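Chemist: Quick one: sequence plus predicted model below, questions after.
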Amino acid sequence: MDPSGGCPHADNARLLARGAVASVVLPGGIEGMAVLGHEALREFLQHPEVAKNACHFTALREGRIGAGWPLLTFATVQGMTTADGDDHRRLRSLVSRAFTPRRVEEMRPRVEELTATLLDGLARAAEAGGGVVDLRKHFALPLPMGVISELLGVDSEFRDRLHDLSNQVVATDIEPEEAVAANRELVAVLAEIAAARAERPGADLTSALIATRDEDGDRLSQRELIGTLVLMIIAGHETTLNLITNAVRALCGHRDQLELVRTGKASWADVVEETLRWDAPVSYFPFRYPVRDLTVDGTLVPAGTPVLAGYSAAGRDRAAHGPDADRFDVTRSARPDAVRHLSLGHGAHFCLGAPLARLEATVALERLFTRFPGLDLTVPETEMSRHSSFVGNSVRALPVSLGA
């Protein structure tokens with residue numbers, strides 16, 4: 001895997017042409033595999049003999065991975081994404097009530113209010129910048145970061161630092177010393193936030209988790225509390241940030257598809273689903289480990305192998321999505337033969353925040369293009385700098401003009 005990241009789609013197409021499962025070399029020369037094909041990935045994600053706990057990670061267990069390995073946090077953070085069975089159900093149940101469709105719908109007025117405020121700020125930033133503004137920085141980032149921070153009770157003074165640290169944690173080209181420092185600081189900042197919430201509890205999820213820990217220490221340890229906050233901060237804003245950014249890029253590059261939405265032939269929800277499929281916000285997500293040797297789509301995956309879930313590749317798999325899988329088509333999900341994408345996961349570890357991400361992205365896109373119908377990119381796609389990661393899939397900045 002190229003640790004510098006970049007646009008994944010050309011490499012994905014090349015790998016898919018050879019098969020649904022590929023052997024890959026991870027940073028540090030660690031041998032792994034990636035599941036790329038839609039059906040193979042769907043099977044693998046729900047296979048009963050595939051685990052998330054790093055105790056099954058052979059190279060880690062044998063001491064062949066150092067403390068500065070850039071993907072170590074994905075493997076070792078204590079939380080629901082690295083837990084199996086009863087532990088996974090216990091940890092997921094502690095936060096799942098905050099993300100039910102009903103609870104998320106109750107958050108709609110606040111999401112709409114925050115969106116309106118950010119659009120005002122976007123207009124001011126564009127005016128100050130001579131008509132050009134970085135939409136990612138001024139809109140796509142502060143919306144999901146603001147929502148997840150309010151949900152968790154994170155004060156505004158911490159948010160920029162948490163985003164910067166999150167970026168370092170998901171980077172795959174980071175130096176070992178930087179990786180260790182970023183992880184330590186992220187844990188320290190979240191521990192400070194948790195301590196403040198313990199001293200001054202509020203109507204937020206962090207306070208609720210702390211109460212659970214204090215009332216019944218067997219249900220949630222301090223490491224699990226911090227691990228849960230790490231996961232929710234990173235997943236709660238990075239994925240939606242990429243989703244909104246990628247959707248705006250897609251619509252600006254396919255004005256005919258934007259017109260279909262404006263004329264009522266497709267919905268903003270359709271845009272969100274097609275973006276998730278066509279340009280998944282997470283390209284390759286670490287890790288799952290077979291607990292025994294498995295054969296997936298005719299390829300042997302040895303026990304203990306770290307396996308990447310190739311969401312961006314599966315989204316354009318022609319075997320599942322048809323010969324036009326490379327085409328951005330907002331009417332696709334309405335087809336009778338449409339295959340549902342896997343970009344938010346599948347099985348027991350399906351993305352807990354999916355309803356919230358969909359709400360944020362739908363509101364953001366509808367309000368953005370209604371307020372600024374002439375919005376367009378000011379830099380060609382080929383000149384946009386990509387994330388230095390094969391995990392996150394998006395661009396570093398999105399310069400746009402807002403139009404008349």
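Modeler: That came in fine, so what should we check first? In this text the structure is predicted, and so the values were computed from the model without any measurement.

Chemist: which residues of the stretch 201-350 of the chain fall in helices?
Modeler: 205-215, 222-253, 255-262, 268-278, 311-315, 318-321 (DSSP state H, counting those that start in this stretch).

Chemist: Show residues contacting the helix or strand just after the shortest one.
Modeler: Spelled out, that is helix 318-321. For helix 318-321, the following helix or strand on the C-terminal side (DSSP states H and E) is helix 354-371. Helix 354-371 has contacts (CB atoms under 8 Å, 6 or more residues apart in numbering) with 99-101, 104-105, 107-108, 111-112, 115-116, 119, 139-140, 143-144, 147, 236, 239-240, 243-244, 247-248, 251, 258, 261-262, 268-269, 271-272, 275, 344, 351, 375. No exception for glycine: its C-beta is placed from N, CA and C like everyone else's.

Chemist: thinking again about what came up before, tell me the most buried of the helices of the stretch 201-350 of the chain?
Modeler: helix 311-315 (a mean of 27; mean count of other CB atoms under 10 Å).

Chemist: Give me the helices and strands touching that one, please.
Modeler: helix 9-16, helix 38-45, helix 268-278, strand 284-290 (3 or more CB pairs under 8 Å, 6 or more residues apart in numbering; DSSP states H and E).

Chemist: how about 10 Å then?
Modeler: Contacts defined by 3 or more CB pairs under 10 Å, 6 or more residues apart in numbering; DSSP states H and E place helix 311-315 against helix 9-16, strand 30-35, helix 38-45, helix 268-278, strand 284-290, helix 318-321.

Chemist: Need the CA coordinates for the second one. PDB is fine.
Modeler: Meaning strand 30-35. Taking Å, rounded to 0.1, in the frame of the first residue of the first chain, the C-alpha atoms of strand 30-35 are listed here in PDB:
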ATOM      1  CA  ILE A  30       4.000  -6.100   7.200                       C
ATOM      2  CA  GLU A  31       2.200  -8.600   5.000                       C
ATOM      3  CA  GLY A  32      -1.500  -8.200   4.800                       C
ATOM      4  CA  MET A  33      -4.500  -8.600   2.500                       C
ATOM      5  CA  ALA A  34      -7.300  -6.400   1.100                       C
ATOM      6  CA  VAL A  35     -10.800  -7.500   0.200                       C
END
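
Chemist: about what we covered before: just put the helices and strands packed on helix 311-315 in TSV and tack on distance to V307.
Modeler: Shown next, in TSV, are the helices and strands packed on helix 311-315 (distance: least, CB to CB, whole Å):
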stretch	distance to V307
helix 9-16	14
strand 30-35	5
helix 38-45	7
helix 268-278	21
strand 284-290	5
helix 318-321	19
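
Chemist: For E199, find the nearest of those.
Modeler: Proximity to E199 (CB to CB) singles out strand 284-290 among those, at 35.1 Å.

Chemist: give the contact list for L377.
Modeler: Going by CB atoms under 10 Å, 6 or more residues apart in numbering, L377 touches 135, 248-249, 251-253, 383-384, 398-401.
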